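> can't give you the sequence, but here's the structure:
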């Protein structure tokens, strides 16, 4: 394929589905889906790729991977180019078409894209995966879907799940799920209840249909991952994402085998703590939530806007603005 014909085919996709917004994929020579510069998710791609390469129990070319809410296919295509068998699940047709275009141009037979709501994920429907990528979708789900979705991730995951999500540093509300109270914040997705599904889908950076989402606190998310069957959870700091918001984290949840402590038989009788309220960190999170709530009541809107825009306090308050 000549560079000119590639440009023409790419323009057809742009004319029909709009320009690429996040996945700047190298298509060959000096051709990219967005442009010959670092833009979109490339910094995060390096982080996710390194995590999976370092921690997965199989080499990249031997893993089966799913990217949930894969957007324009950046991660699934990256792993396919490393030899993995990759599947991208995405709810918006415009994103699927851009991903399929890149797949075709790159002649990748080991990656597929399916249009579906990720809330339909199940082992019966899609099978199991060595690696599950949940990048930027968890915080777009409301209760109870956010909980059942994590259960589905655990159901299909055989090895590791990488979860990149926003959290609620200062939880102000709670939700009881399967007998455990989890804490977080209810956040507007920018939709109105009267909006049509088509209107909601056209807002690419919001949920598919729910008007609100529920951001779990860090402690509640850890506890939820433990309860659904992950044996250990780690937060990634390197490779770095220097501009990552203070309320967004990258976690690696490992589906291992729970070990018996031989030197301390009494420890085996001691229950594993996975109730949010039992963690000291949860008390600090709740304290911050009360401070935040008080600030919203006491500070006028102009003062809150000014705080959000400047310095360390701005970084603390910024997480609570509605998604756009």
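That came through, no problem. Nothing here was measured: the structure is a model prediction, and the numbers come from that model. Numbers count the residues shown, from 1 in each chain.
> Measure how buried residue 124 is and give me the count.
Residue 124 is flanked by 7 other residues according to other Cβ atoms under 10 Å. (C-beta placed from N, C-alpha, C; glycine too.)
> List the backbone torsions phi and psi for it.
Backbone torsions for residue 124, taken as degrees, to the nearest 10, come to phi -60, psi -40.
> ok so residue 234 is a strand residue?
Yes. Using DSSP: H, G, I helix; E, B strand; the rest coil, the secondary structure at residue 234 is a strand.
> give me the beta-bridge partners of it?
For residue 234, the beta-bridge assignment (DSSP bridges) gives partners residue 252.
> residues contacting it?
By Cβ atoms under 8 Å, 6 or more residues apart in numbering, the contact set of residue 234 is 251, 252, 254.
> likewise residue 166?
Under the criterion of Cβ under 8 Å, 6+ apart, the contact partners of residue 166 comprise 139, 215, 245, 247, 248, 319.
> Kindly indicate which of those lies nearest residue 290.
Within these, distances to residue 290 taken as Cβ to Cβ reach their minimum at residue 319, with 15.6 Å.
> Count the residues that sit near the closest residue to residue 226 other than its chain neighbours.
Here the nearest residue to residue 226 in space, its sequence neighbours aside, is residue 274; by Cβ to Cβ, 6 or more residues apart in numbering that works out to 4.3 Å. Counted with other Cβ under 10 Å, residues neighbouring residue 274 total 15.
> now residue 220
The burial metric for residue 220, expressed as a neighbour count using other Cβ under 10 Å, is 29.
> check which helix or strand covers it.
helix 218-227 (DSSP states H and E).
> which strands and helices sit next to that helix?
helix 145-156, strand 157-166, strand 180-188, strand 232-235, strand 248-254, helix 280-298 (3 or more Cβ pairs under 8 Å, 6 or more residues apart in numbering; DSSP states H and E).
> Return the distance of the fifth one from the chain's centre.
Which is strand 248-254. If you compare the mean C-alpha spot of strand 248-254 with that of the full chain, they lie 9 Å apart, counting by Cα atoms, centre = their mean, to the nearest Å.
> and what of the fourth one?
Strand 232-235 sits 15 Å away from the centroid of its parent chain (Cα atoms, centre = their mean).
> Give me the buried positions along it.
By neighbour count on 16 or more other Cβ atoms under 10 Å, the buried set for strand 232-235 is residue 233.
> Averaged pLDDT, that strand. What do you get?
Here the mean pLDDT over strand 232-235 is 96, rounded to a whole number.
> Measure how buried residue 109 is and give me the count.
Here the number of neighbours of residue 109 (other Cβ under 10 Å) works out to 8.
> for it, helix, strand, or coil?
For residue 109, the secondary structure call by three-state DSSP comes out as coil.
> Distance of it relative to residue 45?
When Cβ to Cβ, to the nearest Å is the yardstick, residue 109 and residue 45 sit 21 Å from each other.
> Then residue 102?
Distance of residue 102 to residue 45, given as Cβ to Cβ: 14 Å.
> surely residue 98 meets residue 13?
Yes. Counting by Cβ atoms under 8 Å, a contact exists between residue 98 and residue 13, whose distance comes to 6.2 Å.
> related to what we said a few turns ago, make TSV from the contacts of residue 166 and add distance to residue 33, pLDDT and neighbour count to it.
Putting the contacts of residue 166 into TSV (distance: Cβ to Cβ, whole Å; pLDDT from 0 to 100; neighbours: other Cβ atoms under 10 Å) gives the following:
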residue	distance to residue 33	pLDDT	neighbour count
139	25	97	24
215	30	96	26
245	25	87	11
247	29	90	20
248	24	94	14
319	30	46	20
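> can you list these in TSV and add distance to residue 64?
Listed next are these as TSV, based on distance: Cβ to Cβ, whole Å:
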residue	distance to residue 64
139	26
215	30
245	31
247	32
248	27
319	34
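> quick one: which of the residues you listed is nearest to residue 54?
Top of the list for closeness to residue 54, among the contacts of residue 166 and by Cβ to Cβ, is residue 248 at 20.8 Å.
> Leaving out the residues flanking it, which one is nearest to that closest one?
Going by Cβ to Cβ, 6+ apart, residue 248 has residue 166 as its nearest residue, at 5.0 Å.
> Tell me the pLDDT of that neighbour.
Per-residue confidence (pLDDT) for residue 166: 96.
> sorry, back to before: what about residue 98 and residue 13, which has more around it?
Looking at residue 98 and residue 13 with other Cβ under 10 Å, you find the greater number of neighbours at residue 98, namely 30 against 18.
> show me the contacts for that one.
The contact partners of residue 98, taken as Cβ under 8 Å, 6+ apart, are 13, 17, 20, 23, 33, 72, 73.
> which of these has the most neighbours?
In those, the most neighbours by other Cβ under 10 Å go to residue 72, 31 neighbours.
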